[in-house]
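K.L.:
here is my input; please provide its structure:
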Amino acid sequence: MFGRRLWGRWLTGSMGISALLLAGCGDFFTKSSSGGGGTTVGSYTYVGTQTGVLVGYSVSSTGALATLSGSPNQFATAPVVALAVTPSNTVLYAGVAGIGVYGLGINSSTGVTTLINTNALVQDVAPSALTVDPSGKFLLVAGLANGVAAVGEYAINSDGTLSEVTGSPVSITFVAGTDTSNLSVQNIAVAPNSSYVFVTLGQLGVVPMPFNTSGSLSANTQIIGPKATSGIANQDLGLAVNSTSSALFVGETNVGVRVFTIGTSSFTEISGSPFAAGGQPRSIIFDGTGGYLYAANTTDNSISGYSVLASGALTALSGSPFSSVGTQPFALALDQSKKFLFAADLGGNPDVQLFSFDSTTAGKLDPGATATNAAQPAAVASTH
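P.N.:
The predicted structure is shown next:
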């Protein structure tokens, strides 16, 4: 229920808001005519909040956090619900609830960002989740288009601007008679081999949309529904795909982490699934090796950790779930070095926290640096 109330509040409370707060942007979000240039840079992490604030941090090789120049910044008049960084680390895309998607160029030396355009680059989809495909050529935006669940696809130009792909946005299809009144677009993920784009829809399940390396996105022909437990309407929230694109991982309320093999046109839940997690596994992420998986349990104030077999089967790590976290951990990201896990805590205490991977106990998370200048954080993205 927490997830449905939260996202419903974001969508209904922000649909009528149509402008960024551009006054007093300072160096962190100054207007720029070219946001896409530069090369792969050092480690930076960006956080968007429910109050429209954007905060940028540098992450040192020892795990120290430093707030970037000009940050925090009151970026928008509505929640920043999603962030994505291009694989080249040149552009940060920010989805603002009910408004659209903005692009910001990333300075290769400082991590400071500059607005590419004062108008939203995407306005036909009200964004809930963003991702960039593995090639770095396309931005995919999951949300509502004219009130209908859809995924918008946009080619990323050399300057960071976007060009809508023919046929975009692609509507998500449901079986005739499906009650979509509880629709809640949550997360989006692309398989590393670009075979599918996956979107979680809360109580309506997980949608696999065929995709390919040339960027052709097709409407779904099936939906993977949540499990039914004692009449409770469970919600599908977190998403991850393993590096071989052979297994899909879904965080489901009251159930845990479900694992499916990814076939040519079918998805089969593996033996032993679901695997226990907290009540609301809102964000799921692999470590840099792909051998460990972590789930942020928003209602349990914990992070579950697992070792991962080639089959996708999960085994809880020693000490998991890890409880030395803030309140309502909501979004996870790896820093560029893959040495640290970054957690954004919607309920604060602290707002953001860095974890290192223990040197002696496999997969264990050791709490590290924190920050308290990003109240109500709801989205996080790091350079790669």
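
K.L.:
pLDDT-wise, which helix or strand of this protein ranks last?
P.N.:
helix 2-14 (a mean of 37; mean pLDDT, DSSP states H and E).

K.L.:
just how off-centre is whatever helix or strand Pro208 lives in within its chain?
P.N.:
Per DSSP states H and E: Pro208 is located in strand 206-210. Taking Cα atoms, centre = their mean, to the nearest Å, the mean C-alpha location of strand 206-210 is offset from the chain mean by 16 Å.

K.L.:
would you list every one of the strands in the stretch 101-250 of the chain?
P.N.:
113-115, 126-132, 138-145, 148-156, 162-164, 170-171, 183-190, 196-202, 206-210, 228-229, 232-233, 236-241, 247-252 (DSSP state E, counting those that start in this stretch).

K.L.:
okay if I get those as JSON lines plus mean neighbour count and mean pLDDT?
P.N.:
From N, CA and C alone the C-beta is placed, and that goes for glycine too. Below are the strands of the stretch 101-250 of the chain laid out as JSON lines (neighbours: other Cβ atoms under 10 Å; pLDDT from 0 to 100):
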{"stretch": "strand 113-115", "mean neighbour count": "24", "mean pLDDT": "96"}
{"stretch": "strand 126-132", "mean neighbour count": "25", "mean pLDDT": "98"}
{"stretch": "strand 138-145", "mean neighbour count": "26", "mean pLDDT": "98"}
{"stretch": "strand 148-156", "mean neighbour count": "23", "mean pLDDT": "98"}
{"stretch": "strand 162-164", "mean neighbour count": "17", "mean pLDDT": "98"}
{"stretch": "strand 170-171", "mean neighbour count": "16", "mean pLDDT": "98"}
{"stretch": "strand 183-190", "mean neighbour count": "24", "mean pLDDT": "97"}
{"stretch": "strand 196-202", "mean neighbour count": "26", "mean pLDDT": "98"}
{"stretch": "strand 206-210", "mean neighbour count": "22", "mean pLDDT": "98"}
{"stretch": "strand 228-229", "mean neighbour count": "11", "mean pLDDT": "78"}
{"stretch": "strand 232-233", "mean neighbour count": "14", "mean pLDDT": "80"}
{"stretch": "strand 236-241", "mean neighbour count": "26", "mean pLDDT": "98"}
{"stretch": "strand 247-252", "mean neighbour count": "26", "mean pLDDT": "98"}
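
K.L.:
what's the closest of those strands to Phe340?
P.N.:
The minimum distance between Phe340 and those falls on strand 236-241, with 17.9 Å, by Cβ to Cβ.

K.L.:
output the contacting helices and strands for that closest one.
P.N.:
Using 3 or more Cβ pairs under 8 Å, 6 or more residues apart in numbering; DSSP states H and E, the elements in contact with strand 236-241 are strand 183-190, strand 196-202, strand 247-252, strand 281-286, strand 292-297.

K.L.:
in TSV: the ones you listed, plus distance to Pro127.
P.N.:
Formatted as TSV, these follow (distance: least, Cβ to Cβ, whole Å):
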stretch	distance to Pro127
strand 183-190	9
strand 196-202	12
strand 247-252	20
strand 281-286	17
strand 292-297	20
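
K.L.:
Thr264 is nearest to which of those?
P.N.:
Thr264 sits nearest to strand 196-202 of all these, at 10.5 Å, using Cβ to Cβ.

K.L.:
just how off-centre is that closest one within its chain?
P.N.:
Distance of strand 196-202 from its chain centroid, counting by Cα atoms, centre = their mean, is 12 Å.

K.L.:
so it versus strand 148-156, what angle?
P.N.:
Angle of strand 196-202 versus strand 148-156, following axes from the mean of the first three to the mean of the last three Cα atoms, to 10 degrees, is 140 degrees.

K.L.:
ok, residues contacting strand 196-202?
P.N.:
Contacts to strand 196-202, defined as Cβ atoms under 8 Å, 6 or more residues apart in numbering, come from residues 3-4, 7, 129, 131, 140, 142, 149, 151, 172, 182-191, 206-211, 217, 223, 235-239, 241, 248, 250, 262.

K.L.:
count the neighbours of the nearest residue in space to Leu365 that is not next to it in sequence for me.
P.N.:
Closest residue to Leu365 apart from its sequence neighbours, by Cβ to Cβ, 6 or more residues apart in numbering: Phe355 at 4.2 Å. Burial of Phe355 is recorded as 23 neighbouring residues (other Cβ atoms under 10 Å).
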